[in-house]
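[1] Everything below, folded, please.
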Amino acid sequence: MADNVVVLGVTKTTSLIFDEEFSQLQKVEVIPYNIKYSKALPVAVKLLLDAPRIFNVIKQERKQLEQIIKDYKIDVVISDNRFGMSSKNVESIYISHQLNVQAGIFSEFANKIHHHYIKQFNAVWVPDFEDEKLCLAGKLSHHHALKNVKYLGPLSRLQVMSSKENGSDYLCLLSGPEPLRTELERILIEKANQSDKKICIVRGTNKKRKSFVNKNITITDAPSANELSQWIIDSKIVVCRSGYSTLMDLHQLNKQSCVLIPTPGQEEQEYLANYWSQKPGFKIIHEKDLKSFSFS
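    The predicted structure follows:
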């Protein structure tokens, strides 16, 4: 195992994290999906309208994958929610927490498409507990019609550390697609400027920032895993989207004081926010209701 060579497929967006965390690994740039969410349309509708372009990207990435397999002598492909990253020539594994897609009235249709692509892989790895009473993704991570499913347990790059003094009162973790990430950043910085609390904002992007901030606010773009672990542990309250990767990080660090803001129109995050808000210490607030929110 130690002699195996790992090649990471990255986009310009994901390379921000991978260059920091896995600087020693070989990397190859893969075709991005470039999915952008709408402020007005539900995600399912936006994806439906964008489907012809996405299907074309899937065809392109299949061709690119075969070339990558040839160039790097790949034996196993592990795809993180990328439909076209499967090959009949090598073992192909699909990773996803969402076997049961939530897309409102389009759920049945979305699941048919999703399962069509999943079945082209040799196996499915799910980063969650198999026990439905313990699972972090609720009904998202279970679909009994699918075969060759293996549950890995929650995954996180973060590490449990000892708490230090003088942590932030609020730690805001920004993530997700544009323009919604930028819009949430604008709202939270505006709210933070009205507060005297110690607030740290992790932007999750290297896009240029224009907002002025008071001295009680610390802003960073993309901290290392160790830095982020320490900030989460030391903070009193975490404010974040209800994306599954973020929730797994919170679980890993046993963080129990959180405000979840689901991405507007994204059924998956709406479901996860409601599911997690049943846990002690977790609150949900919708973006349209942030006018009443304050760092107090």
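
[2] Quickly list the domain ranges of this protein.
    31-151, 170-292 (automatic domain parsing).

[3] looking at those domains, which is buried most?
    domain 170-292 (a mean of 18; mean count of other CB atoms under 10 Å). Placement of C-beta: from N, CA and C, glycine included.

[4] Ramachandran angles for Leu173?
    phi -110, psi 110 (degrees, to the nearest 10).

[5] And the helix or strand bottoming out on mean pLDDT in the chain, what does it pack against?
    Ranking every helix and strand in the chain by mean pLDDT, DSSP states H and E puts helix 43-49 at the bottom, with a mean of 74. On a contact count with 3 or more CB pairs under 8 Å, 6 or more residues apart in numbering; DSSP states H and E, helix 43-49 meets helix 267-276.

[6] which other helices and strands contact the helix it packs on?
    Using 3+ CB pairs under 8 Å, 6+ apart, helix 267-276 is in contact with helix 43-49, helix 244-252, strand 258-260, strand 282-284.

[7] So which residue is smack in the middle of this protein?
    By CA atoms, centre = their mean, the mean C-alpha position of the chain lies nearest to Ser245, the distance being 4.4 Å.

[8] Let me see the contact set for that one.
    Ser175 (CB atoms under 8 Å, 6 or more residues apart in numbering).

[9] same thing with Tyr170?
    So Tyr170 contacts Ala192, Lys197, Lys198, Ile199, Cys200, Ser235, Lys236, Ile237, Val238, Val239, Phe295 (CB under 8 Å, 6+ apart).

[10] Can you flag which of those belong to helices?
    With helices taken from DSSP state H, the overlap with the contacts of Tyr170 comprises Ala192.

[11] wait, which of the helices and strands packed on helix 267-276 is closest to Ile187?
    strand 258-260 (12.8 Å; CB to CB).

[12] Asn166 and Leu8, how far apart?
    36 Å (CB to CB, to the nearest Å).

[13] ditto for Pro127
    Distance from Pro127 to Leu8, by CB to CB: 17 Å.

[14] can you give me the strands in the chain?
    Taking DSSP state E, the strands of the chain run over residues 7-10, 26-29, 76-80, 91-95, 123-126, 149-151, 170-173, 199-202, 217-220, 237-240, 258-260, 282-284.

[15] Tell me which of the ones you listed sits nearest to Glu66.
    Nearest to Glu66 among those is strand 76-80 (10.4 Å), distances taken as CB to CB.

[16] Name the strands paired with the closest one and say parallel or antiparallel.
    Note on strand 76-80: by DSSP bridges, its sheet partners are strand 91-95 (parallel).

[17] For Ile35, list the residues it contacts.
    Leu47, Asp50, Ile54, Pro177.

[18] Now tabulate those in CSV and tack on distance to Glu21.
    What follows is the contacts of Ile35, written out as CSV (distance: CB to CB, whole Å):
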residue, distance to Glu21
Leu47, 29
Asp50, 30
Ile54, 28
Pro177, 21
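
[19] ok, so of those, who is nearest Val101?
    Nearest member of the contacts of Ile35 to Val101, counting by CB to CB, is Leu47, at 10.4 Å.

[20] For the contacts of Ile35, which two are the farthest from each other?
    Among the contacts of Ile35, Ile54 and Pro177 lie farthest apart (CB to CB), at 13.5 Å.

[21] Pull the residues that contact the lengthiest helix in the chain.
    As assigned by DSSP H, the longest helix anywhere in the chain is helix 51-72. Helix 51-72 is contacted from outside by 5, 7, 9, 26, 28, 30-35, 47, 74, 77, 82-87, 89-90, 117, using CB under 8 Å, 6+ apart.

[22] Which of these fall in helices?
    Reading helices off the contacts of helix 51-72 with DSSP H, I get Leu47, Tyr117.

[23] out of the domains of the chain, which comes closest to Asp19?
    Using CB to CB, the domains of the chain put domain 170-292 closest to Asp19, at 9.6 Å.

[24] my read: Leu140 touches Gln102, true?
    Yes. Applying CB atoms under 8 Å, one finds Leu140 in contact with Gln102, separated by 6.6 Å.

[25] Find the residues that touch each one of the two.
    Glu268, Tyr271.
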